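K.L.:
Provide a 3D model corresponding to the input given below.
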Amino acid sequence: MRAAGKALAGATVLAALPRLSDGEVSNSVPAASQPSPVIPTGQGANSGATLRIATCQFPVSGNPVENANYIRGFLRQAAEAGAHLLHTSEACLSGYAGIDFRSFADYDWARLREVTTGLRDLAKELKLWLVLGSAHFLDQTTKPSNCLYLIDSEGRIADRYDKCFCTGGDQKHYSVGDRLVTHDIRGVRIGLAICYDICWPQLYIAYRELGATVMVHSFHNARSKGPNCLDTLNARQVPTRCADNRLWAVCNNSSQPYSHWGSFIARPDATIPQQLEINQPGMLVHDFPDGLSKGGWFHNQKPMRKREDEIMSWGTPARHARQADGQAEP
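P.N.:
Predicted coordinates for the structure are as follows:
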């Protein structure tokens, strides 16, 4: 499986693009093959802009060096495909504590920093933005955060999102986040989210109210014994959140068997134009925003507002200085 995965990770991008039920290739490259962009009034940084995102999946392990090898391969594929940003899955560099490895006791933070620096250097070389799933060290006595580093095309940390809604299992290993993160890239405003965040409707509402057009959402629903409710949950929840808030989303997953679903794209009309197969590495390339599906339309004419007293974290945030600083070094 590992050897096959590395071979697939080096394959051409277009080989990873799935086909729709009618046999047509679902691919936003070139963008002219898609419907004309239809963007809700006042949403996004620039209503005429387009951002090409590559999203990847691979069998995440507890070995950051092995994980980094996959990410390097996908960075190069993304650059060859003309992408502006590569999106990786939850904790895909560090490994997911409690799932890919037992705990952070005696974790090799120096090695994680070393491979993070290498990926930042490659992103700079390729002039690519990178959304990197990892763990952010706070101090020796405080649990790290489960994070997404937003690395710009110069290899700098533009910002970092720490998972706000953490499961009970997460909270055994990670500190809870308390800050939403948006960023404008090439005129498109993205919002960052991680896995269990999708189960809390207020998070997508909050991002819509911050002007996000595209949700960049990383998951880890893998390394399981077999099917369960997660096989259907996220592929239904994400398109619903997008329809409710008139957003686009790109969602990925670890492909470590058994992975409950393959990485996919969701539109504001609740359709999924592209999705990868489960249990195998691959990459999707998609232009955002790309309009709606053929015959699709916006369903929600007056999206719900977020209540002022709505909770925006599950668990108790650490309130640590290194957590409050979105540009803190790993």
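
K.L.:
Now do stretch 273-283, average pLDDT.
P.N.:
Stretch 273-283 carries an average pLDDT of 98.

K.L.:
start to end distance for it?
P.N.:
End-to-end distance for stretch 273-283, by Cα to Cα, to the nearest Å: 14 Å.

K.L.:
quick one: buried residues of that stretch?
P.N.:
273, 274, 275, 276, 278, 279, 280, 281, 282, 283 (16 or more other Cβ atoms under 10 Å). From N, CA and C alone the C-beta is placed, and that goes for glycine too.

K.L.:
I'd say the third one and residue 252 touch.
P.N.:
So that's residue 275. No - in this structure, residue 275 is not within contact of residue 252 by Cβ atoms under 8 Å, at 10.6 Å.

K.L.:
Residue 319: how many residues sit nearby?
P.N.:
11 (other Cβ atoms under 10 Å).

K.L.:
Please read the previous query as pertaining to residue 129.
P.N.:
24.

K.L.:
Number the residues from 22 up from this point.
P.N.:
That works, and once the first residue is 22, the last one we named lands at residue 150.

K.L.:
Chain neighbours aside, what residue packs nearest to it?
P.N.:
Among residues not flanking residue 150 along the chain, residue 106 sits closest, at 3.9 Å (Cβ to Cβ, 6 or more residues apart in numbering).

K.L.:
which residues in this protein form strands?
P.N.:
In the chain, strands defined by DSSP state E lie at 72-78, 106-108, 150-157, 166-172, 178-183, 203-206, 209-215, 235-239, 269-273, 285-287, 303-309, listed in chain order.

K.L.:
I'd like those as JSON lines, with distance to residue 87 appended.
P.N.:
Output for those, formatted as JSON lines (distance: least, Cβ to Cβ, whole Å):
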{"stretch": "strand 72-78", "distance to residue 87": "15"}
{"stretch": "strand 106-108", "distance to residue 87": "18"}
{"stretch": "strand 150-157", "distance to residue 87": "14"}
{"stretch": "strand 166-172", "distance to residue 87": "19"}
{"stretch": "strand 178-183", "distance to residue 87": "23"}
{"stretch": "strand 203-206", "distance to residue 87": "29"}
{"stretch": "strand 209-215", "distance to residue 87": "21"}
{"stretch": "strand 235-239", "distance to residue 87": "18"}
{"stretch": "strand 269-273", "distance to residue 87": "18"}
{"stretch": "strand 285-287", "distance to residue 87": "25"}
{"stretch": "strand 303-309", "distance to residue 87": "17"}
